[in-house]
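Asks: Got a sequence here, can you model it:
(4 chains)
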2 protein chains.
Amino acid sequence: MFRVSRRVDYGLRLLIALAVDQNSGSQATSRLAARLDIPLAFLHQIGRSLIQAGILRSSPGPGGGLRLSRSPEEITLLQVLETLDGPVRISACLDQPNCDEDPDLPSAETWADIQQSLIGELNKINLTSLVDKAKYKSAVYTPVPGYTPVSKSIAI
Amino acid sequence: MFRVSRRVDYGLRLLIALAVDQNSGSQATSRLAARLDIPLAFLHQIGRSLIQAGILRSSPGPGGGLRLSRSPEEITLLQVLETLDGPVRISACLDQPNCDEDPDLPSAETWADIQQSLIGELNKINLTSLVDKAKYKSAVYTPVPGYTPVSKSIAI
DNA sequence: CCTATTTTTGATAGCTTTACTCGAATATTG
DNA sequence: CAATATTCGAGTAAAGCTATCAAAAATAGG
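Replies: Predicted coordinates for the structure are as follows:
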């Protein structure tokens, strides 16, 4: 329950990776997929959604790939979640119009409260803070700027 | 996404109904099902889980039915959720043992934070407060002469 | 223009979860 | 015993999630 889909999980990996190497321009999905262990075709699908939401930009052709379309500070966790998994609706009842009017369903208001609180929290978290945690975590193996040979398994 | 199952939705309706009429003893599932608009067989299944979790008690035979096994104050939303939908795991990654050790998955720690915060909120809400909201709500629908309902929710 | 590279799009298949349903068994009251 | 209720194990249809595939379109460099 309350499970975030793998789509979002992958999407966040992708966004974090792009944010970390933001100054190295566009990155090809094929490389990203290998590095982040995401099925390539699935990454394409996810990327498309993020592009349509205005979070990513893409350029085809050689040297092309994906890049962030705005600053990491302006990308919130909530935006990513809603883009990839649809709107947050903590109870199935909440998107039915008569939900709040039926006195036999007294839990609706509670769900609405919890949902609002959750949305607030999710909106406070932006990509920058996610990247900070990622950097802290991977401080040991931080890649050197420049060309990185394909080493999919950089284990600590 | 973040959707609570219908199981939980039904379960809460059931618990609230039982809490409201707590002093009228056991209530037959057949009547509860009709009143709360829950498929009878499904209510049985849900009731069983709640009984196994020690939240409900039951007695078969004529005059039997379901009743709360503890005070509504001691029943939290988190308990109900975990009983009916399994443990809260906001990201699928979080119940895999190697999840936190893989440096390519930097979002794990963030999910853990959010999850913890959500769990805290859910644990603060008990059945009593849910019943209060239900009562307030039905008061609106059963207007008393001279009483003007307020639009916004009021913490009782 | 040509070609290699890379994204874009639409369709679809397999798996898992959800939301139930069913039939038979078991316990209780009177 | 008979009527009333819950209990248990299993099963099923539909929906949603997680990809996968083939073909198309766009772009850079020569």
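Asks: Just the endpoints, please. Distance across stretch A:116-134?
Replies: 27 Å (C-alpha to C-alpha, to the nearest Å).
Asks: chain center to it, what's the gap?
Replies: Here the centre of stretch A:116-134 is set off from its chain's centre by 11 Å, with C-alpha atoms, centre = their mean, to the nearest Å.
Asks: Is the longest helix seen in chain A in proximity to DNA strand C?
Replies: The longest helix of chain A (DSSP state H) is helix A:108-124. No: if you take C-beta under 7 Å from any atom of the strand as the test, helix A:108-124 misses DNA strand C, and the best it gets is 13.6 Å. Every residue, glycine included, has its C-beta placed from N, CA and C.
Asks: tell me which residues in the helix or strand just after that helix are buried?
Replies: Counting by DSSP states H and E, the element after helix A:108-124 in chain order, helix or strand, is helix A:127-137. Neighbour-count burial for helix A:127-137 flags A:Leu127, A:Leu130, A:Val131, A:Lys133, A:Ala134, A:Lys137 (criterion: 16 or more other C-beta atoms under 10 Å in any protein chain shown).
Asks: Of the residues you listed, which are in range of chain B?
Replies: Filtering the buried residues of helix A:127-137 for proximity to chain B by C-beta under 8 Å from any C-beta of the partner chain leaves A:Leu130, A:Val131, A:Lys133, A:Ala134, A:Lys137.
Asks: Distance check, A:Gly11 against A:Val80.
Replies: Computed as C-beta to C-beta, to the nearest Å, the A:Gly11 to A:Val80 distance reads 6 Å.
Asks: What parts of chain A come near DNA strand C?
Replies: Within chain A, the positions lying close to DNA strand C (C-beta under 7 Å from any atom of the strand) are A:1, A:26-30, A:41, A:44-45, A:47-48, A:51, A:58-66, A:92.
Asks: which residues in chain A form strands?
Replies: Assigned by DSSP state E, the strands in chain A fall at A:56-59, A:65-68.
Asks: Could you pull out the helices in chain A for me?
Replies: Along chain A, counting by DSSP H, helices occupy A:6-20, A:29-36, A:40-52, A:77-85, A:108-124, A:127-137.
Asks: Any part of the third one near DNA strand D?
Replies: Yes: between helix A:40-52 and DNA strand D, judged by C-beta under 7 Å from any atom of the strand, the touching residues are A:Ala41, A:Phe42, A:His44, A:Gln45.
Asks: Can you tell me which of these lies closest to DNA strand C?
Replies: A:His44 (4.0 Å; C-beta to the nearest atom of the strand).
Asks: Okay, angle between the lowest-mean-pLDDT helix or strand in chain A and helix B:108-124 too, please.
Replies: Lowest by mean pLDDT, DSSP states H and E among the helices and strands of chain A is helix A:127-137, with a mean of 80. Counting by axes from the mean of the first three to the mean of the last three C-alpha atoms, to 10 degrees, helix A:127-137 lies at 120 degrees to helix B:108-124.
Asks: Might you quantify the distance of helix A:127-137 from its chain's geometric centre?
Replies: 13 Å.
Asks: Output the contacting helices and strands for that helix.
Replies: Judged by 3 or more C-beta pairs under 8 Å, 6 or more residues apart in numbering or on different chains; DSSP states H and E, helix A:127-137 is in contact with helix A:6-20, helix B:108-124.
Asks: ranking those helices by burial, who's on top?
Replies: Most buried of those by mean neighbour count (mean count of other C-beta atoms under 10 Å in any protein chain shown) is helix A:6-20; its value is a mean of 22.
Asks: and that helix, is it in reach of chain B?
Replies: Yes: using C-beta under 8 Å from any C-beta, helix A:6-20 reaches chain B at A:Arg6, A:Val8, A:Asp9, A:Leu12, A:Arg13, A:Ile16.
Asks: can you tell me if that helix touches DNA strand D.
Replies: Yes: using C-beta under 7 Å from any atom of the strand, helix A:6-20 reaches DNA strand D at A:Arg6, A:Arg7.
Asks: what does that helix contact?
Replies: Contact partners of helix A:6-20, identified using C-beta atoms under 8 Å, 6 or more residues apart in numbering or on different chains, comprise A:27, A:32, A:35-36, A:38, A:42-43, A:46-47, A:49-50, A:55-56, A:66-68, A:72, A:75, A:77, A:80-81, A:83-85, A:127-128, A:130-131, A:134-135, B:1, B:91-93, B:104-107.
Asks: can you tell me the average pLDDT over that helix?
Replies: Mean per-residue pLDDT for helix A:6-20: 93.
Asks: In CSV, please show the C-alpha coordinates belonging to it.
Replies: Output of helix A:6-20 as CSV, limited to C-alpha atoms (Å, rounded to 0.1, in the frame of the first residue of the first chain):
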residue,chain,number,x,y,z
ARG,A,6,8.8,1.8,-10.3
ARG,A,7,8.2,4.4,-13.0
VAL,A,8,8.7,7.1,-10.4
ASP,A,9,11.6,5.3,-8.9
TYR,A,10,13.3,5.1,-12.3
GLY,A,11,12.3,8.7,-13.1
LEU,A,12,14.0,10.0,-10.0
ARG,A,13,17.2,8.1,-10.7
LEU,A,14,17.2,9.6,-14.1
LEU,A,15,16.6,13.1,-12.9
ILE,A,16,19.2,12.9,-10.2
ALA,A,17,21.8,11.5,-12.6
LEU,A,18,21.0,14.4,-15.0
ALA,A,19,21.2,16.9,-12.2
VAL,A,20,24.5,15.7,-11.0
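Asks: Kind regards, and thank you for your time.
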